[in-house]
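> Got a predicted model here, sequence first, then my questions.
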Amino acid sequence: MFDLPEALLLARIQFAFTVSFHFLFPAITIGLASYLAVLEGLWLKTGREDYMDLFRYWIKIFALVFGMGVVSGIVMSYQFGTNWAVFSDKAGPIIGPLMAYEVLTAFFLEAGFLGVMLFGMQRVGKGLHFTATLMVALGTFVSAFWILSVNSWMHTPAGYAMNAAGQFISAGSWLAIIFNPSFPYRLAHTLLAAYLTTAFIVGGVGAWHLLQDRSNPRARLMFSMAMWMAAIVAPLQIVAGDLHGLNTLEHQPVKVMAMEGHYQSHPEGAPLILFGIPNSAGNRVDYAIQIPKASSLILKHDMNAPLAGLDTVPVADRPPVGIVFWAFRIMVGLGFLMAALGIVSLLARARGKLYDWPWLHRFALMMGPAGLVAVLAGWITTEVGRQPWTIHGLMRTAESASPLAAPAVAASLLAFVVVYFAVFGAGVLYILKLMAKPPALNEGAPPKIPGRAAGTTPAVALRPGAPATD
């Protein structure tokens, strides 16, 4: 009656499409909310209007990205109930409370203060408005905390027990569930990625406007701030990524085998395969360019340390090696390019040429979307590398899907593709239009009313025909 293999594949494609689309928006809003808080804080401290001009410039973009992130996120819960009902039933006692905590903390925090942040500049005091901005930034962090706790538990399940109905339940300590073995590493790696994503978008926009007008003080300011962020955070991200990789080797070694392209075990030091074409049928990487024993040095800090390969893993328990192998290299390659841009910006700053090297600005412009590509590649590495498990080692993806017919899943997938590209495509084009406009003096400031103090509310009539009073 049901064409389960085909339906399962379509359900996986649908979830991959929607979650990949959604994941890009929080990657921007997490960093952009903090950037807005920094801009407003510096404006309050220094009184420099350039900071407020940039705040007004970027808050419009933040509002659009935040809205698209919320809308695209709703779809995820929809799919849990339709395409992945078995998973929802079995893991619901664990996943449900954690998602509820996210709504009760982060979502309410953001919803409560977002209106004040977006529309309250002329209606509340400076201190209250800054507090609202800080609360929205905090809300994005708290949201990431809970979402990544859920996702990390699926990778490294801990603190659980099984009830009589075959459901995962708490074994008594929710702290063990929340702070599961991979969570701290995943949280640090993802938050740093979000901050880098924002830095390179801001830096790319600043670079674009510097190429048009090198004297624009607001473009210079946003470019300078972005390059400081790149120079500081990109090296930190490399360190965090290394620590995350070591944690993954401990708890999900098969994923690391796929990332490294190690089809065969290496008893006396494994090579670092830089590039090649994974050949799962032949259990090898064709045309491999490699550094002898370097993988053992990185992963074990010993050039001669043995590393197991996929030949020790049943074929049914292996992830799709080609996808994981290349996604990982895209992420790492972009990470090193980000660090390189940060280092070059420090050199330019030291020589007093930060705003005078057009080739640097072109490099930064080219790297503008690099953060988005890197976080998507990292997400693919993480999630595809977990296959064939939904809950690692405990519940397979094939066991998690709803018993749906393939045409039903195909119809909803087609609808998502059409709607997503139409709605979010229009949103992205509008955001690019906003970015193409240079930040101006008194950017987005409300017009002053002659004879009225700035920031006061205009008088309104109490009834039709009644005179306006102060």
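Yep, it's here.
> Show the subsequent helix or strand relative to the helix or strand hosting Gly245.
Element membership of Gly245, judged by DSSP states H and E, is helix 217-251. Downstream of helix 217-251, the next assigned helix or strand under DSSP H and E is helix 253-260.
> Just want the angle from that following helix to helix 217-251.
Interaxial angle, helix 253-260 versus helix 217-251 (axes from the mean of the first three to the mean of the last three Cα atoms, to 10 degrees): 130 degrees.
> contacts for helix 253-260?
Residues from elsewhere that reach helix 253-260 (Cβ atoms under 8 Å, 6 or more residues apart in numbering): 245, 248-249, 263, 270, 272-273, 295, 299, 307-310, 313, 317-321, 324-325, 328, 381-382, 385-386. Where you see a C-beta, it was placed from the backbone N, CA and C, and this is true even at glycine.
> Mark which of these are buried, thanks.
245, 248-249, 263, 270, 272-273, 295, 299, 307-310, 313, 318-319, 321, 324-325, 328, 381-382, 385-386 (16 or more other Cβ atoms under 10 Å).
> Give me the subset of the contacts of helix 253-260 that lies in strands.
Among the contacts of helix 253-260, DSSP state E puts Leu272, Ile273 in strands.
> the strands in the protein, which residues?
Listed in chain order, the strands of the chain (DSSP E) span 160-162, 168-170, 272-279, 284-291, 389-391, 395-396.
> quick one: buried residues of the second one?
Translated: strand 168-170. Buried residues in strand 168-170, counting neighbours by 16+ other Cβ under 10 Å, are found at Phe168, Ile169.
> what packs against it?
If you count contacts as 3 or more Cβ pairs under 8 Å, 6 or more residues apart in numbering; DSSP states H and E, strand 168-170 packs onto helix 85-102, strand 160-162.
> repeat that with 6 Å
Helices and strands touching strand 168-170, by 3 or more Cβ pairs under 6 Å, 6 or more residues apart in numbering; DSSP states H and E, are helix 85-102.
> how far away is Arg12 from Ala316?
16 Å (Cβ to Cβ, to the nearest Å).
> Compare those two (neighbour count), which wins?
Neighbours per residue, other Cβ atoms under 10 Å: of Arg12 and Ala316, the larger number sits with Arg12, 19 against 7.
> pLDDT (mean, whole number) over stretch 436-453?
For stretch 436-453, the mean pLDDT works out to 63.
> go on, stretch 126-133?
For stretch 126-133, mean pLDDT rounds to 93.
> Over to stretch 304-320?
Averaging pLDDT along stretch 304-320 gives 92.
> got the contact list for Thr198?
With contact taken as Cβ atoms under 6 Å, 6 or more residues apart in numbering, Thr198 is in contact with Gly31, Leu32, Tyr35.
> ok, back up a step: now render the strands of the chain as CSV, adding mean pLDDT and distance to Leu404.
Formatted as CSV, the strands of the chain follow (pLDDT from 0 to 100; distance: least, Cβ to Cβ, whole Å):
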stretch, mean pLDDT, distance to Leu404
strand 160-162, 94, 26
strand 168-170, 93, 23
strand 272-279, 92, 32
strand 284-291, 92, 37
strand 389-391, 95, 16
strand 395-396, 94, 17
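> Tell me which of those sits most buried.
Highest mean neighbour count of those: strand 389-391, a mean of 21 (counted as mean count of other Cβ atoms under 10 Å).
> Can you list the strands that that strand pairs with?
With DSSP bridges as the test, strand 389-391 is paired with strand 395-396 (antiparallel).
> Give me the contact list for the partner strand.
Pro388, Trp389.
> what about that strand, distance to the chain center?
For strand 395-396, the distance from its own C-alpha centre to the chain's C-alpha centre is 25 Å (Cα atoms, centre = their mean, to the nearest Å).
> Find the residue ranges of this protein scoring beneath the pLDDT cut-off.
The chain contains residues with pLDDT under 70 at 1-5, 442-470.
> quick one, helices of it?
Assigned by DSSP state H, the helices in the chain fall at 4-46, 49-82, 85-102, 108-119, 126-155, 174-178, 183-212, 217-251, 253-260, 294-300, 321-350, 358-366, 370-386, 406-436.
> mind giving me a markdown table with the ones you listed and columns for distance to Ser400?
Shown next, in a markdown table, are the helices of the chain (distance: least, Cβ to Cβ, whole Å):
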| stretch | distance to Ser400 |
| --- | --- |
| helix 4-46 | 9 |
| helix 49-82 | 10 |
| helix 85-102 | 4 |
| helix 108-119 | 30 |
| helix 126-155 | 10 |
| helix 174-178 | 19 |
| helix 183-212 | 21 |
| helix 217-251 | 20 |
| helix 253-260 | 18 |
| helix 294-300 | 30 |
| helix 321-350 | 19 |
| helix 358-366 | 40 |
| helix 370-386 | 12 |
| helix 406-436 | 14 |
